[in-house]
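S.K.: Following is a predicted model, sequence given first.
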Amino acid sequence: MNRKKILVADDEPKLLKFLSGFLEREGFEVAAAMDGWDVIDKYISYKPDLIVLDVMMPKMDGFEVCRRIRQESNVPVIFLSARGETMDRVMGLTFGSDDYLTKPFDSAELLLRIRAVLRRAETKPLGINQGYTISFPGLIINRNSRVVEVDGRETELTAREFDLLWLLAGHPNQVFTRNQILYQVWGEDYGEDTTGVITTLVKRLREKIEDDPAKPVIIKTIRGVGYKFGLKPC
């Protein structure tokens with residue numbers, strides 16, 4: 001069985017050594033990087049299945065590293081940061097991260113999040129009874145391959161974006177609150193959505209699948225409640 005490859009990036013040598021050894025003992029292959037450019041180089045040569053990325057990296061911060069990687073890949077990214085402010089979490093999602101963990105953290109929690117993100121990247125049944133493909137006018141969603149076609153063109157989505165789209169499309173007549181989406185897409189109860197994370201995620205998804213994101217017809221806002229899917233299946 002092939003071991004999953006993890007790229008761990010942090011500018012604290014002791015933490016980097018600890019995380020590398022910890023993840024290797026848990027059965028992963030691990031490569032390490034200590035600055036932003038090193039992450040880019042290792043990403044290209046190592047081709048990791050997931051990146052654990054410190055935000056405050058020298059030479060290039062984690063947000064910029066993630067932005068550049070997202071231009072060509074949807075490899076899962078988990079941010080680590082000593083800063084737990086709301087804006088940092090929103091920025092992490094805006095740049096395409098899959099999760100965000102605030103330092104100091106428990107290594108067992110990081111391991112759980114890594115495994116959860118890897119599972120989502122491969123496949124994530126959300127308790128929806130439909131088959132693996134749902135078709136709408138101008139939109140095809142394949143859960144098995146996690147491929148989305150918009151007007152016949154394949155459109156790349158991050159793991160979070162795909163999970164949100166599948167959740168809404170699988171329940172086209174249901175209105176979801178932000179907190180319901182947070183629970184379903186993140187796979188655990190993160191509490192109330194006071195961070196604007198869902199608003200940011202919806203905005204990013206609309207920019208990829210809507211003809212006019214300012215006047216959305218696929219993902220509709222239900223004022224004071226949340227969001228619902230606006231298309232009817234073919």
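M.R.: Everything's here; your move. Here the structure is a predicted model, which is why all the values come from computation and not from measurement.
S.K.: Can you spell out the domain ranges of this protein, please?
M.R.: Annotated domains of the chain cover 5-122, 133-229 [automatic domain parsing].
S.K.: need those domains in TSV with mean neighbour count and mean pLDDT, can you?
M.R.: (C-beta placed from N, C-alpha, C; glycine too.) Formatted as TSV, those follow (neighbours: other Cβ atoms under 10 Å; pLDDT from 0 to 100):
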stretch	mean neighbour count	mean pLDDT
domain 5-122	18	88
domain 133-229	16	86
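S.K.: Isn't Asn74 up against Leu157?
M.R.: Yes. Counting by Cβ atoms under 8 Å, Asn74 touches Leu157, with 7.2 Å between them.
S.K.: Mutual contacts of these two, please.
M.R.: With Cβ atoms under 8 Å, 6 or more residues apart in numbering applied, the contact sets of Asn74 and Leu157 do not overlap.
S.K.: biggest helix in the protein by residues?
M.R.: If you go by DSSP state H, the chain has its longest helix at helix 107-122.
S.K.: Give the next helix or strand downstream of that helix.
M.R.: Per DSSP states H and E, helix 107-122 leads on to strand 133-136 as the next helix or strand towards the C-terminus.
S.K.: Which residues does that following strand contact?
M.R.: Under Cβ under 8 Å, 6+ apart, the answer for strand 133-136 is 140-144, 166, 169-170, 231-234.
S.K.: Could you pull out the strands in the protein for me?
M.R.: Here the chain has its strands, by DSSP state E, at 5-9, 29-33, 50-54, 77-81, 99-102, 133-136, 139-142, 147-150, 153-155, 176-177, 219-222, 226-229.
S.K.: Partner strands of the fourth one and their direction?
M.R.: If I follow you right, that is strand 77-81. Sheet pairing of strand 77-81 (DSSP bridges) gives strand 50-54 (parallel), strand 99-102 (parallel).
S.K.: CSV for those, including distance to Phe22?
M.R.: Putting these into CSV (distance: least, Cβ to Cβ, whole Å) gives the following:
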stretch, distance to Phe22
strand 50-54, 11
strand 99-102, 14
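S.K.: Of the ones you listed, which is nearest Leu112?
M.R.: strand 99-102 (10.3 Å; Cβ to Cβ).
S.K.: Just want the most central residue of the protein.
M.R.: Nearest to the mean C-alpha position of the chain, by Cα atoms, centre = their mean, lies Asp98 at 2.7 Å.
S.K.: hang on, isn't Phe162 packed against Arg146?
M.R.: Yes. With contact defined as Cβ under 8 Å, Phe162 counts as touching Arg146 (5.4 Å).
S.K.: Angles on the backbone of the residue nearest to the centre of the chain, please.
M.R.: phi -100, psi -20 (degrees, to the nearest 10).
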